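In: Turn this into a model:
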Amino acid sequence: MDEETKRQIEETVLEILRDADMTSTTEFKVRSLAAERLGIDLSHPDRKLFVRGVVESFLVSQNSNDGHDDGKSDPGQEQQEEVAVEQPEQNREEEEEEAEDEDEGAKKRRRGPKEYNDDGDLIICRLSSKRRVTLRDFRGKTLLSIREYYMKDGKELPSSKGISLTVEQWEAFRDAVPAIEAAIKKLEGSD
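Out: Numbers count the residues shown, from 1 in each chain. Take a look at the predicted model:
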């Protein structure tokens, strides 16, 4: 991507973010609006990563600006960061509940830098050295993938071994977790 395109994308994304309602804005919405305004496809991995970097820089600058004005941080700012990174609704609610129980120092320790793979997908967690859970945007849909990865030419690539769930499928699975846990306990108890 040439420097002029980067400059145009950055200016447009920042303009959108300054005018956005940060309680409901997602990175996908920002990227879609910027693509529409600029007339360019921003769904390519390198462009996604660039937009994500601009969004995260904006959020960090908002956090530091809030901190310098009066020495206090804005409690809603952490929520803004969560929204702009496109996490499923349940994850946001769980994190907010956990955050209420933690002191400010513990919150800062828990929130490390977010990790992304080479395609710009958010890595939610690593289940093992080969398996991970990622969150990605695919053709306008948010997908949660639980997948095995392999190394090729120094890059970690997703294999066909795994599953991608839509938000609706994830919610159905999440709701079934108590029944799954009960069945596991029952099976373990019968050994």
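In: Could you use CA atoms for every contact and neighbour count after this?
Out: OK.
In: Quick one: residues contacting Ile146.
Out: The contact partners of Ile146, by CA atoms under 8 Å, 6 or more residues apart in numbering, come to Arg131, Arg132, Val133, Thr134, Gly162, Ile163, Ser164.
In: Those residues, buried ones only, as a PyMOL selection?
Out: Here is the PyMOL command that picks out the buried ones among these, judged by 16 or more other CA atoms under 10 Å:
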select buried, resi 131+132+133+134+164
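In: what helices or strands is whichever helix in the chain runs longest leaning on?
Out: Ranked by residue count under DSSP state H, the longest helix found in the chain is helix 45-70. Helix 45-70 is packed against helix 3-19, helix 27-38, helix 75-84, with contacts defined by 3 or more CA pairs under 8 Å, 6 or more residues apart in numbering; DSSP states H and E.
In: Report the distance from it to the chain centre.
Out: When distances are taken as CA atoms, centre = their mean, to the nearest Å, helix 45-70 is centred 14 Å away from the chain's centroid.
In: for stretch 30-47, same thing?
Out: On CA atoms, centre = their mean, the centre of stretch 30-47 falls 17 Å from the chain's centre.
In: Ends of it, what's the gap?
Out: 13 Å (CA to CA, to the nearest Å).
In: Name the residues that touch that stretch?
Out: Stretch 30-47 is contacted by residues Met1, Gln8, Ile9, Thr12, Val13, Ile16, Leu17, Lys48, Val51, Asp118, Asp119, Gly120 when judged by CA under 8 Å, 6+ apart.
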